[in-house]
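[1] Here you go, sequence then predicted model.
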Amino acid sequence: MTGSTSLHLYFLLAATLSFGYGCATLPDVSKMTDEAPTAQKPRPIVSSRGAVSPRQSEAIMERLKRSVDPTDLLERHSAVVEMVTESPLTKGNSVILLADGQATYAAMFKAIEQARNHIHLESYIFEGDETGRKFAALLLKKRAEGVMVRVIYDSMGSINTPDSFFQALRDGGVEVIGFNPVNPLKVVEKWSLTQRDHRKILIADGKIAIIGGINISKVYSSSPRRRKQGGKAPIHWRDTDIRIEGPAVAELQKLFLDTWYKQKGPELKDADHFPSRQEKGQVLVRVIGSTPGETNRLPFIVYVSAISFAEHSIHLTSSYFIPDDQVVQALSDAARRGVDVKIIVPGSTDSKLALYAQRHHYSRLLESGVKLYEHGTSLLHAKTAVIDKVWSTVGSTNLDFLSLLHNDEVNAVILNKEFAVEMEQMFVGDLAQSKQITMEDWRKRPVLPKVKDWFVNLFIRWL
């Protein structure tokens, strides 16, 4: 989300028009985690040539378990996830961590430039600013070269982008659709203001994918150092993406195509969406996609189960941190059993409402031993976690009710010690730019901020 005006408008409209969603609930993950130890053996891992044998799958997981301190996280968490999703755990992937917008945009521009068959871009926000125009120019250039280019943007997230911007892309041969139009008269099927496409996916030739929390906007192009030197510079948005090569890309392609079909996009004439898959590395990746539905709260289940099975450390970076009771309870229980639980949340934001709602949960978390930090030098927009130095996730999912109940989201779960080390290093860097919130200081707050936090929390389902 960018722009407090748009966010507040979204909040008011959703709160007014979406009471029908009030009955939507998140599943009781504790029932799933209780069943995990006795669940059936995990499904075989998928390689570039298809599913490997159960024996090979078991050997792969055993090697991974031996590479880190003893933890039941890998086996038990996988059992829970496989109870609710058909998305396979894939081997043979290369995963590159892209810490911040400049690194992500450089990787995206390179992937687009090198594409020869097709480019699929899906983004919650596609602004018509300087950054957006750079993307548009490159997409038009590739289309002129004969590359098929398709764009999905969210009609609410991109509400400030003029129609003429997208029309220019269409005029140049790019196929463009707006997800779930804000105007109900333009919707073919059931209209819903709250169901948004919050995913950020770039796929080039079905071989390279980039996902994470980064939209297409100039707020990601700035440097935090520039703001320190000149206080009048726009605030820098701190975010994270990853670049994936290998069999996991096919799972992201399936998500893009599924959205394209559901939104009545033009017929897909080129057929090379799933080129022969080749192994590009040693990383295990599972793609977790979600759409609204009673049985499809996958990112929520993934987060709660991973937190519940953690034995050593939980290092979480979360924008719009407005968790439900199960998330708060899982984090609190982990801290009480001796897990090192550290959470970095925004110290400044584009929505004061979200900031108030976030702070409502501090007392309960701090009392349990969770360590909380507010990021200070940038507007924190990342949605990442690294657990027990082996389990990591990067994606678009916020720990709030809009993401968990109403949005289309996508995360990648990465099982790899070396990648987890990179995630830990990035987390340490973010900690250095954050201020710890202590229980002593929190209790000394004036009464008015406490009242604001409590009041806004009444409306958390629409934040």
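    Yep, it's here. What you are looking at is a predicted structure, and each value in this text was computed from that prediction instead of being measured.
[2] What is the neighbour count of residue 247?
    Residue 247 has 25 neighbours, counted by other CB atoms under 10 Å. In short, each C-beta sits where N, CA and C put it, glycine included.
[3] ok, residue 156 touching residue 195?
    No - if you go by CB atoms under 8 Å, residue 156 and residue 195 don't touch, sitting 9.5 Å apart.
[4] shared neighbours of the two, which are they?
    Common contacts of residue 156 and residue 195, defined by CB atoms under 8 Å, 6 or more residues apart in numbering, comprise residue 180.
[5] So the two - more neighbours on which side?
    Relative neighbour count places residue 156 above the other of residue 156 and residue 195, with 25 against 21, counting by other CB under 10 Å.
[6] Break the protein into its domains for me.
    Split into domains by automatic domain parsing, the chain comes to 4-93+282-462, 95-262.
[7] Adding mean pLDDT and distance to residue 271, write the ones you listed out as JSON lines.
    Shown next, in JSON lines, are these (pLDDT from 0 to 100; distance: least, CB to CB, whole Å):
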{"stretch": "domain 4-93+282-462", "mean pLDDT": "86", "distance to residue 271": "19"}
{"stretch": "domain 95-262", "mean pLDDT": "91", "distance to residue 271": "10"}
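[8] JSON lines please, covering these and showing distance to residue 272.
    Below are the domains of the chain laid out as JSON lines (distance: least, CB to CB, whole Å):
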{"stretch": "domain 4-93+282-462", "distance to residue 272": "16"}
{"stretch": "domain 95-262", "distance to residue 272": "5"}
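[9] Minimum distance to residue 274: which of these has it?
    Closest to residue 274 of these, according to CB to CB: domain 95-262, at 5.5 Å.
[10] Go ahead and measure how far that closest one is from the middle of the chain.
    How far domain 95-262 lies from its chain's middle: 14 Å, per CA atoms, centre = their mean, to the nearest Å.
[11] likewise stretch 296-312?
    Mean-position distance between stretch 296-312 and its chain equals 14 Å (CA atoms, centre = their mean).
[12] Of the domains of the chain, which is nearest residue 275?
    Between the domains of the chain, domain 95-262 lies closest to residue 275; by CB to CB that is 5.0 Å.
[13] Give me the buried positions along stretch 165-179.
    Neighbour-count burial for stretch 165-179, counted by 16 or more other CB atoms under 10 Å, picks out 165-166, 168-169, 172, 174-179.
[14] try stretch 360-373
    Buried positions in stretch 360-373, judged by neighbour count with 16+ other CB under 10 Å: 360-362, 365-366, 368-373.
[15] for those residues, which one is nearest residue 379?
    Using CB to CB, residue 373 comes nearest to residue 379 of the buried residues of stretch 360-373, at 14.8 Å.
[16] shouldn't that closest one be in contact with residue 436?
    Yes - Residue 373 is within contact range of residue 436, at 5.2 Å (criterion: CB under 8 Å).
[17] Inside helices: which ones of the buried residues of stretch 360-373?
    Taking DSSP state H as the definition of helices, those contribute 362, 365-366, 368.
[18] could the residues you listed go into a markdown table alongside distance to residue 107?
    Shown next, in a markdown table, are those (distance: CB to CB, whole Å):
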| residue | distance to residue 107 |
| --- | --- |
| 362 | 35 |
| 365 | 34 |
| 366 | 38 |
| 368 | 38 |
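[19] Go through those residues and name the one nearest residue 117.
    Set against residue 117, the nearest of those by CB to CB is residue 365 (47.7 Å).
[20] if I look at the closest one, how far off is residue 329?
    Remark: distance between residue 365 and residue 329 (CB to CB, to the nearest Å) = 10 Å.
[21] now swap in residue 261 and tell me
    Distance, residue 261 to residue 329, using CB to CB: 38 Å.
[22] And residue 426, by the same measure?
    Using CB to CB, residue 426 is found at 27 Å from residue 329.
[23] again with residue 243
    Separation of residue 243 from residue 329 (CB to CB) stands at 35 Å.
[24] Comparing these two, which shows the higher neighbour count?
    Using other CB under 10 Å, the more surrounded residue of residue 243 and residue 329 is residue 243, with 21 against 17.
[25] Which neighbouring elements make contact with the helix or strand where the more buried one lies?
    In this structure, residue 243 sits in strand 240-245 according to DSSP states H and E. Strand 240-245 sits against strand 89-99, helix 101-114, strand 208-212, strand 391-395, strand 409-415, with contacts defined as 3 or more CB pairs under 8 Å, 6 or more residues apart in numbering; DSSP states H and E.
[26] Show me the one of those that comes nearest residue 152.
    strand 409-415 (12.2 Å).
[27] what sits up against the helix or strand following that closest one?
    Moving toward the C-terminus from strand 409-415, the next helix or strand (DSSP H and E) is helix 417-432. Helix 417-432 is contacted from outside by 64, 67-68, 95, 97, 99, 238, 240, 283, 315, 317, 342, 344, 373, 375, 380, 382, 384, 386, 389-392, 414, using CB under 8 Å, 6+ apart.
[28] out of the residues you listed, which are buried?
    Going by neighbour count (16+ other CB under 10 Å), these have 64, 68, 95, 97, 99, 238, 240, 283, 315, 317, 342, 344, 373, 375, 380, 382, 384, 386, 389-392, 414 buried.
[29] the strands in the stretch 51-200 of the chain, which residues?
    89-99, 118-123, 148-154, 175-179, 200-204 (DSSP state E, counting those that start in this stretch).
[30] Kindly report the same for the stretch 251-400 of the chain.
    283-290, 313-318, 340-346, 371-375, 379-380, 383-387, 391-395.
[31] possible to save those as CSV with distance to residue 401?
    As requested, these are exported to CSV (distance: least, CB to CB, whole Å):
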stretch, distance to residue 401
strand 283-290, 13
strand 313-318, 14
strand 340-346, 16
strand 371-375, 20
strand 379-380, 19
strand 383-387, 15
strand 391-395, 17
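[32] what's the closest of those strands to residue 87?
    When the strands of the stretch 251-400 of the chain are compared (using CB to CB), the closest one is strand 283-290, at 5.4 Å.
[33] Run the angle between the closest one and strand 409-415 for me.
    Taking axes from the mean of the first three to the mean of the last three CA atoms, to 10 degrees, strand 283-290 and strand 409-415 form an angle of 160 degrees between their directions.
[34] circling back to that earlier point, so which of the helices and strands packed on strand 240-245 gets nearest residue 292?
    strand 409-415 (10.0 Å).
[35] quick one: strands adjacent to the closest one?
    For strand 409-415, the paired strands and their directions (DSSP bridges) are strand 283-290 (antiparallel), strand 391-395 (antiparallel).
[36] Give me the buried positions along it.
    So for strand 409-415, counting by 16+ other CB under 10 Å, buried means 409-415.
[37] ok, residue 48 touching residue 274?
    No - using CB under 8 Å, residue 48 is not in contact with residue 274, being 11.7 Å away.
[38] Cool, thanks, talk later.
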